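K.L.:
The following block contains a protein sequence and its predicted model.
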Amino acid sequence: MAVVVPAAAKSGSSPPIAPDIRYAAAAAWVKPPPSPTTAPTPPEAPVRVAYFDTQERITASGEDVFTAYRMKILKPEALPAGNVSVTWNPSAGQATVHYLRILRDGVPTDVLKTARFRIIQRENGLEQSILDGMLTATLQTPGLAVGDEIEFAVTIHQRDPTLGDHAFGVRQLPVQGTPGAFRLSVAWPATRGLMLKTSKDLAVVAPVTTGAEKAVVYELRDPVGAIATEGAPPRMDVRRLIEYSDFTTWRDVSRTVAPLYTKASQIAPGSPLGAEIAKIAAASSDPVARTEAALKLVQERVRYVYVGLNGGNYTPATADETWQRRFGDCKGKTVLLLAVLRELGIAAEPALVASNGGDGTNEHLPNPGLFDHVLVRARVGAASYWLDGTRMGDSYLDVVSPPIFRWALPLTAAGSDLEAVPARPFSLPQLVAIVDVDASSGFDKPAVAKVQHVLRGNEAYQIRTQLGAMSAEDGNRALKAYWRQQFDWVEAGEVTWRYDERHAALVLSMRGEGKPEWTGDALKGHSLVVYGAGFVPPDKLVRPKEQDQTAPWATEFPRYRCWATTIRLPAPGAKWYWTYAATPVDRTLGGVAYFRASGIRGTVLRTVMSREVLVPEISAAEATSVNTQIAGFDNNMSTVSQEANKNGVMTAERDPLPFGDTADWLGLQTACARPGR
């Protein structure tokens, strides 16, 4: 079992570094554990929890979090519970172990008499470029066997050096049905304002005043499983959540954190960074070009490393520090970008966001812990841009991807309210698959396939980085393996890749040969399913009746993909002419836009198809409408086929070709776009 220092509640001033784990009895304020429950244990359960108890106490000198549990090992697969670990930040507090016991037939054995926790100094997240300063102490409980109970308790004291005396946190009781007693209590000085809020599935508990303290206690005894709402947005599935905060408004959070960024973004006289800014200023007076150059400097010349040392979880390194050492986390990169933009005359401000989207942030108490990322909002003329220094490849503002987060908290000296960020779909497809199959040599001959994939977004840049690090031979093998997965009927010959910086796009190309999967014969005519020209119908959106039927449904937003196919057909012969089945599509269903256009001229067939998710969610009523329309959804595969020639025609030329051989698939407007988009 692992106990991790709670990262949400912050208070006090900077303590001395305490790298050693301590051993002592629990403090006098700690209450006895909750009494056992009597519910039967499921017959196949590997472990039975007697209790899991968390007691938090907020004081003027910081916060103490007492965590204790007792559980019985019922099956061998539960023996890893004896691998006990404690994680804490030594620059912000201290870990004190109270006891670790084995109970066998009711007789306790004090494990700490013969064993001690070992502190691991290694940074656990080093491979992910994370330097957070956390320490982990571990102990492999000796002698633990099936049938034993293990009992453990620890207190972690923490004092945050950054946000003064503010306290805030989010906790959750178990959401799965589990026999046992589960308790969470929070205590704080009675004179201190602290707001409390729980999710709707928890009963309201009034604080109780005892002496100079107030406290609330939440306890679940043999809880049944909380019923989740399938397919709902994250905010609809908040269960058994308890939160507290002494920030009264989001403006309080904004103006508390803002000075950290104002101070850190000041450039010292004679700073080497000033010379870089002067180069950008001399190169262009255009605000757009200056902003692009500033973003490129931060993204490409300063590598990303998360830094959370010595209170750095909230405190950014200065712009000069980040530039000098050439690495920084989102805070350091944001400060650096702010400093450069300010010197270039570009209005900009930092903003806290949640990298997972933050759906429902507005429904929580004001709490800086709800955000895990910070970036810059720059204003260039009448336009605003969300600029993320931790990304790569955003060299041009007109191709910067729209934000996926739903809420942002601008950090300003006067304080800003939480802002809703309008959901905007991608302006360009994140994938364009361009397939050109030259089957003109005949049905029984290999066709020449030329394929390109145009990729955008973080995945594209990651693939570019991986390919760039490979030798030519390894890169060639990796690309051929990629194309085998995409087109198993083609033997890849020449494979190449390139990155188009102007359009922020990775272009993967392949030329090879293979036999298309023709059906039919010379007597009945030939037919071929057109690659990338058939839609998959939407899934039926139905929930079990015990779930909330009025809840909205989340979509795959943002997602935008396009497929463009050309097939160069064999000469039809005197007996046949070419026709095709690919009904034009231009409809929106369930927040998804479906588009398909096709045409044939001579022996050239072309189709273009796109699927674009327009909104993050749809209502329950819209979901019902989707269900009623699935039966009529055109999910037929597009085909091209020979038809008996009775009128001397060569092709059924009923639709114009949707694009030509010189189509631009990298530009800001392509054949993928729906009419009027």
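P.N.:
Sure, I can see it.
K.L.:
mind checking pLDDT for Glu300?
P.N.:
pLDDT for Glu300: 93.
K.L.:
check contacts around it.
P.N.:
Applying CB atoms under 8 Å, 6 or more residues apart in numbering to Glu300 gives the contacts Met392. To be clear about C-beta, it is placed using only N, CA and C from the backbone, and glycine gets the same treatment.
K.L.:
low pLDDT regions in the stretch 301-450 of the chain?
P.N.:
307-312 (pLDDT under 70).
K.L.:
same check, this time on the stretch 551-677 of the chain
P.N.:
Short version for the stretch 551-677 of the chain, where the test is pLDDT under 70: 648-654.
K.L.:
could you pull out the strands for it?
P.N.:
553-554, 559-568, 576-581, 585-589, 592-601, 604-613, 617-618, 639-644 (DSSP state E, counting those that start in this stretch).
K.L.:
now the stretch 401-550 of the chain
P.N.:
407-410, 419-420, 431-438, 447-455, 491-500, 505-514, 519-521, 525-529.
K.L.:
Identify, out of the strands of the stretch 551-677 of the chain, the most deeply packed stretch.
P.N.:
Most buried of these, by mean neighbour count (mean count of other CB atoms under 10 Å): strand 604-613, with a mean of 24.
K.L.:
And it, how far out from the chain middle?
P.N.:
With CA atoms, centre = their mean, to the nearest Å as the basis, strand 604-613 stands 29 Å off its chain's centre.
K.L.:
Which elements pack onto that strand?
P.N.:
When contacts are defined as 3 or more CB pairs under 8 Å, 6 or more residues apart in numbering; DSSP states H and E, strand 604-613 packs onto strand 559-568, strand 592-601.
K.L.:
Who does the last one pair with, and is each partner parallel or antiparallel?
P.N.:
Read that as strand 592-601. strand 585-589 (antiparallel), strand 604-613 (antiparallel) (DSSP bridges).
K.L.:
Same list (those strands) but as a markdown table, adding distance to Ala190.
P.N.:
Output for the strands paired with strand 592-601, formatted as a markdown table (distance: least, CB to CB, whole Å):
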| stretch | distance to Ala190 |
| --- | --- |
| strand 585-589 | 56 |
| strand 604-613 | 51 |
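K.L.:
right, and these - which one's nearest Leu220?
P.N.:
Minimum separation from Leu220 across the strands paired with strand 592-601 (CB to CB) falls at strand 604-613, 37.9 Å.
K.L.:
can you pull the buried residues of stretch 390-408?
P.N.:
Of the residues in stretch 390-408, 390-397, 399-401, 403-408 count as buried by neighbour count, 16 or more other CB atoms under 10 Å.
K.L.:
And stretch 618-630, by the same measure?
P.N.:
Those would be 618, 620, 622-623, 626, for stretch 618-630 by 16+ other CB under 10 Å.
K.L.:
With respect to Asp444, which of the residues you listed is nearest?
P.N.:
Val626 (44.3 Å).
K.L.:
Verify the contact between the closest one and Thr588 for me.
P.N.:
No - between Val626 and Thr588 there is no contact under CB atoms under 8 Å: 10.7 Å.
K.L.:
hmm, back to that, I'd like the helices and strands packed on strand 604-613 as CSV, with distance to Ser440 appended.
P.N.:
Below are the helices and strands packed on strand 604-613 laid out as CSV (distance: least, CB to CB, whole Å):
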stretch, distance to Ser440
strand 559-568, 5
strand 592-601, 14
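K.L.:
Those: which one's closest to Val340?
P.N.:
Proximity to Val340, assessed across the helices and strands packed on strand 604-613 by CB to CB, is greatest for strand 559-568 (31.4 Å).
K.L.:
for the strands of the stretch 401-550 of the chain, which one ends up most surrounded?
P.N.:
Burial of those is given as mean neighbour count (mean count of other CB under 10 Å); strand 407-410 ranks first at a mean of 23.
K.L.:
quick one: strands adjacent to that one?
P.N.:
In its sheet, and by DSSP bridges, strand 407-410 pairs with strand 347-353 (antiparallel), strand 419-420 (antiparallel).
K.L.:
so of those strands, which one's packed in deepest?
P.N.:
The highest average neighbour count among these, using mean count of other CB under 10 Å, belongs to strand 347-353 at a mean of 23.
K.L.:
How far off centre is it?
P.N.:
Relative to where its chain is centred, strand 347-353 has its mean C-alpha point 20 Å off (CA atoms, centre = their mean).
K.L.:
for stretch 592-599, same thing?
P.N.:
With CA atoms, centre = their mean, you get 29 Å for stretch 592-599.
K.L.:
Any chance you could list what contacts it?
P.N.:
Contacts of stretch 592-599 (CB under 8 Å, 6+ apart): 533, 535, 538, 555, 580, 582-588, 605-614, 638, 653, 655-658, 671-672, 674.
K.L.:
Please apply the same query to stretch 454-472.
P.N.:
391-393, 399, 401, 426, 428-432, 434, 475, 478-479, 497, 499, 503-508, 665-666.
K.L.:
Could I get the buried residue list for that stretch?
P.N.:
Going by neighbour count (16+ other CB under 10 Å), the buried part of stretch 454-472 is 454-457, 460-461, 463-464, 467.
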